[in-house]
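Q: Sequence first, then the predicted structure, then my questions.
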Number of protein chains: 2
Amino acid sequence: MAHQQLPDRLPSQHSQTLPDGGGPPAHPPPSAVPTRARPQRLPALGGSAPADNGDTGTSASMNAEAYDATPPLGGTAGEVLTRYLHQRAAAFLRALSLRGGNEAEADALLRGSARRIGGALHIYAPLTDPSWAEPLRTELGWLTTTLGREPQYATRLARLLSALRRLSVAADEPAVAVGGAAAPAPSGGPLALGAARAGALLERQLTLARTRAHSASLQAMGSSRFHALADAIAVLVSEVPLAPAAAAPARTAMPPLASQAYRRFADAAAALPLHRAAHPYNADAVQASLGADLTADLQDAPWHQVRVLLRLSRYAAEVARQDGDAADRQRLAEAAGLLERHREAAESASAVAAAARTPRIAPATAYALGVLHADQRHEVEAARFAFSRLWQAAIPGPRGL
Amino acid sequence: MAHQQLPDRLPSQHSQTLPDGGGPPAHPPPSAVPTRARPQRLPALGGSAPADNGDTGTSASMNAEAYDATPPLGGTAGEVLTRYLHQRAAAFLRALSLRGGNEAEADALLRGSARRIGGALHIYAPLTDPSWAEPLRTELGWLTTTLGREPQYATRLARLLSALRRLSVAADEPAVAVGGAAAPAPSGGPLALGAARAGALLERQLTLARTRAHSASLQAMGSSRFHALADAIAVLVSEVPLAPAAAAPARTAMPPLASQAYRRFADAAAALPLHRAAHPYNADAVQASLGADLTADLQDAPWHQVRVLLRLSRYAAEVARQDGDAADRQRLAEAAGLLERHREAAESASAVAAAARTPRIAPATAYALGVLHADQRHEVEAARFAFSRLWQAAIPGPRGL
């Protein structure tokens, strides 16, 4: 197939290449084409998908559901990959059209689609033209990172306020309703007062960060860089620049690449200190949490890396329809959820440590932040424990070998 | 048997009642009689008994070893109880004679003997004259509490400094030797500086508390109250004021009392939230650690109570030679060790919270104390977890029923 340098095209240049040709330009206005192309998908969007579901890749997301309807690995590898990218690109454009309504939901769909397109281009790189795919992946990475910050700050703040509440209120006391922005009530003496102040401090800092991230998102979405990217995605709906290797049958060309992605993940997971982490209360994650700032990062990095590799492996399986049996799929989804919990706890602990460096905070506030920091590091340890137990109990065999 | 009001007797009044009559007065000087009565026991005292072994009752202590040599439950209940009390009283007096040498070791033996005498008098109360036993138990309780404080502060300080070191130093950094009084080296930025300051603060406070406890111990040991107690113990070497029930055969009279002690412990243990505690990383112990000061105490109290009941049950078994099989004994010893760990962690966490209330501490210090507090509460949770797993895995059946 022909290779096109897409990122610098204008919307009007390729609007005629959309599958249901003759419609209005894909973007702007972005709403018309994808909505018409798949009107039956719209009801699902009003459902229960959490604001950050696209972030975790853990739940059977809307994207994954839609793809399950296609038959497995018919035709050439290029056809299978193209079909996948078409659908993700359509979801991306549909998400753009939805931003006027529920922005958080639309952004989650946008990020999820962008990550899947980028992941598929990464795993199946030998099937596509690298001079087209690599710049596109870079742009997709920029978009997901930029759009991902705001929901991350929101999740982090909710997580930390909920933890502070748990740390402040005895189990049998009537708990304050979660979800409100209120810090824990200072009902229990100086320690509880410190907890309330720590909550207020975290709220100020993370809300500010969130507001800035929101502005950055808006700015990014209005930038010419984004428009170029959206154009490139719109082209994906019709046409994918493939490499000669894509002419091979999907059944022979794709499984080795998906298996390679899985093996990279499994090898990285096996290199984790799983045996140690599977021992409850090993206190590894809290180790050195008062030491140099880098020690926690160094300790967490291999786990974060495994999280990314697992996500890539799951996307690869999605493309190649190589999900293994239901139990395997379930286990991988759980593992992904645990690694996501690990990341959230680790980043929350870092946010607490950063808040503790605020000048002129009261000792009681600092104390509460210290308790919260250690609590989040123990959540890190708990997530590692659960992952190790899950992973050691039944390691799914490498698939497609 | 005759009942004597002993606490107010003078040493010289009963020195002639010692088993190897004609020796020097039992006290003072207290060294001669017990040393001559059981000279073969002395070498063990120079051994590896930790300073607080008498506190925990977990290891097969020197006291317990000695008693294992006597035949099980021969004669009347009174004879068996008397034999036990004789030996504990002899150990008590021997400990007095050793205070000039290794004071910590001698105190541990003193406390261990006093606690065992008090425990035996409590469990086997129906066998002794209550108007004699109850005041004696009160005095024994006073002594063990008074003497127990100094080693507790020492253990607590060592525990907290070691935890701070663990929290400050990455696993692969060369760890500072434990045991020295030095706080963690401030090598890792502001957080590590806070840890160093927190260590110095805890060291100041707990060393002061320890010094005060030491003075209180010395004062207690020189008081007329202590001399009266020592006299009462010296009488135990020869004679125990028994109740009529003690004339029954030991085989029928003692096991029900020992079983009752065991049942009290087992019932209290069964009432603990074991199911919940056996779930790793339940975060129960850290719950409300920033709340009102009382919440942690309320949560810990049932566990502390079980610890005391287990100790009493183990003493009762020691007297009645009703230890169950070796596996049972091992399990109970482990359970006692875990409950002791629970107590130490809980009290260490309280000490950290108290230190955090010091006026005018730096925020970084308060932060480090907060991390340390949460860490110790997680140690509490870890001890509960281990106890629950141990206890639910194989509950030893009630013995002697």
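A: Now that the structure is in, tell me what you want to look at. Because the structure is a prediction, the values reported are computed rather than measured.

Q: CA only for contacts and neighbour counts going forward, please
A: Noted.

Q: looking at chain A, which helix or strand is least sure?
A: Taking mean pLDDT, DSSP states H and E as the measure, chain A has helix A:42-45 as its least confident helix or strand, at a mean of 32.

Q: Next secondary structure after the helix or strand harbouring A:L167?
A: Assigned by DSSP states H and E, A:L167 belongs to helix A:130-168. Using DSSP H and E, the next helix or strand after helix A:130-168 towards the C-terminus is helix A:189-222.

Q: what packs against that following helix?
A: For helix A:189-222, the elements it packs on are helix A:130-168, helix A:326-356, helix A:363-393, judged by 3 or more Cα pairs under 8 Å, 6 or more residues apart in numbering or on different chains; DSSP states H and E.

Q: deepest of those, which one?
A: helix A:363-393 (a mean of 25; mean count of other Cα atoms under 10 Å in any protein chain shown).

Q: anything in that helix near chain B?
A: Yes: legend: contact between helix A:363-393 and chain B by Cα under 8 Å from any Cα of the partner chain is shown at A:363-375, A:378-379, A:382.

Q: quick one: stretch A:193-204 to chain centroid distance?
A: 28 Å (Cα atoms, centre = their mean, to the nearest Å).

Q: What residues of it count as buried?
A: Of the residues in stretch A:193-204, A:L193, A:G194, A:A195, A:A196, A:R197, A:A198, A:G199, A:A200, A:L201, A:L202, A:E203 count as buried by neighbour count, 16 or more other Cα atoms under 10 Å in any protein chain shown.

Q: Kindly report the same for stretch A:302-316.
A: In stretch A:302-316, counting by 16+ other Cα under 10 Å, buried: A:302-304, A:306-316.

Q: now the residues you listed as a markdown table including pLDDT, distance to chain B and secondary structure?
A: Listed next are those as a markdown table, based on pLDDT from 0 to 100; distance: Cα to the nearest Cα, whole Å; DSSP: H, G, I helix; E, B strand; the rest coil:
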| residue | pLDDT | distance to chain B | secondary structure |
| --- | --- | --- | --- |
| A:P302 | 95 | 16 | helix |
| A:W303 | 96 | 17 | helix |
| A:H304 | 96 | 19 | helix |
| A:V306 | 97 | 21 | helix |
| A:R307 | 97 | 21 | helix |
| A:V308 | 97 | 25 | helix |
| A:L309 | 97 | 26 | helix |
| A:L310 | 96 | 24 | helix |
| A:R311 | 96 | 26 | helix |
| A:L312 | 96 | 29 | helix |
| A:S313 | 95 | 29 | helix |
| A:R314 | 93 | 28 | helix |
| A:Y315 | 93 | 31 | helix |
| A:A316 | 93 | 33 | helix |
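
Q: mind listing what the residue nearest to A:V286 when sequence neighbours are not counted touches?
A: Counting by Cα to Cα, 6 or more residues apart in numbering or on different chains, A:V286 lies nearest to A:R377, which is 5.3 Å off, once chain neighbours are set aside. Listed by Cα atoms under 8 Å, 6 or more residues apart in numbering or on different chains, the contact set of A:R377 reads A:A285, A:V286, A:S289, A:A345, A:A346, A:A349.

Q: which stretches of chain A aren't confidently modelled?
A: A:1-73, A:170-190, A:292-293, A:322-324, A:394-401 (pLDDT under 70).

Q: 80 instead, please
A: For chain A, the stretches flagged by pLDDT under 80 are A:1-74, A:169-192, A:288-289, A:291-296, A:321-325, A:394-401.

Q: Give me the phi and psi angles of A:P249.
A: phi -60, psi 140 (degrees, to the nearest 10).

Q: can you check A:T128 too?
A: In terms of degrees, to the nearest 10, the main-chain angles of A:T128 are phi -120, psi 160.

Q: Tell me how many other residues surround the closest residue to it other than its chain neighbours.
A: Leaving aside its chain neighbours, A:T128 sits nearest to A:L242 (4.1 Å; criterion: Cα to Cα, 6+ apart). Neighbourhood size, A:L242 [other Cα atoms under 10 Å in any protein chain shown]: 24.

Q: cool, A:P244 as well?
A: Neighbours of A:P244 (other Cα under 10 Å): 12.

Q: list the contacts for it?
A: A:L127.

Q: From B:I123, how far out is it?
A: 88 Å (Cα to Cα, to the nearest Å).

Q: returning to what we had before: most widely separated two among the contacts of A:R377?
A: A:S289 and A:A345 (13.2 Å; Cα to Cα).

Q: for chain B, what are the nearby residues on the stretch 201-350 of chain A?
A: Residues of the stretch 201-350 of chain A lying close to chain B by Cα under 8 Å from any Cα are A:P280, A:Y281, A:V286, A:Q287, A:A288, A:S289, A:L290, A:G291, A:A292, A:D293, A:T295.

Q: and A:D300, what element?
A: Assigned by DSSP H and E, A:D300 falls in helix A:294-320.

Q: by contact count, what packs against that helix?
A: helix A:77-98, helix A:103-123, helix A:250-270, helix A:326-356.

Q: The same query, at a cut-off of 6 Å, please.
A: If you count contacts as 3 or more Cα pairs under 6 Å, 6 or more residues apart in numbering or on different chains; DSSP states H and E, helix A:294-320 packs onto helix A:250-270.

Q: Sweet, I'm off.
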